[in-house]
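Visitor: what would the 3D arrangement of this be:
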Amino acid sequence: MTSITYREPVIDDAQKIWELVKNNKPLDENSKYLYVLLCHQFSKTCCVAEHNSEIIGFLSGFISPKDPNTLFVWQVAVDNRFRNEGVAKKMVFQTLSDMDSLVKFVEATVTPSNHPSLKFLQNFADQARAKLVTRPLFSIDVLEDGHEPENLIRIGPIQKKILEVIS
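Guide: Residues are numbered from 1 along each chain as shown. Predicted coordinates for the structure are as follows:
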């Protein structure tokens, strides 16, 4: 198995994270400044995966202000060379295991055609032994510009003892 380490991002990681996301279509490309902010203000709810000092994965997330027991996962990017090795799933588990035990749910939005993300989230839910619920969230009328609708995926409740066994 490839040696991969998982940790909180730091500001110096922002450039490499930005490049990783840019190269992970169909992820939305955001400004580099956003990734600097994520590394500075949201490092506790984000995670990088490293192999040989190279960032090969990034998860951005935040605690929902509307629901403080929920980690909202915004973006997950994994270098093509490391896909299907469980890197994305491990980043979610690592982030959750480092958090307060009040966090019991994971949410994400996914377009109906994003089969890899849907499969990843189902696998995560199965391994966490948690329920996965999908519901419409943002319609094409709201998103416009040819964007597909976004469905909300909610996984949980997630028990801390399961995280300890998996991490």
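Visitor: where does Val36 land in three-state SS?
Guide: helix (DSSP: H, G, I helix; E, B strand; the rest coil).
Visitor: any chance you could map the strands in this protein?
Guide: Along the chain, counting by DSSP state E, strands occupy 5-7, 47-51, 54-63, 70-78, 105-110, 131-138, 150-156.
Visitor: quick one: which of these is nearest Leu27?
Guide: strand 70-78 (5.8 Å; C-beta to C-beta). C-beta: built from backbone N, CA, C; applies to glycine.
Visitor: give the other helices and strands that the closest one contacts.
Guide: The contact analysis (3 or more C-beta pairs under 8 Å, 6 or more residues apart in numbering; DSSP states H and E) places strand 70-78 against helix 14-22, strand 54-63, helix 87-97, strand 105-110.
Visitor: now do it and helix 87-97, the angle between them.
Guide: Our comparison of strand 70-78 with helix 87-97, counting by axes from the mean of the first three to the mean of the last three C-alpha atoms, to 10 degrees, yields an angle of 150 degrees.
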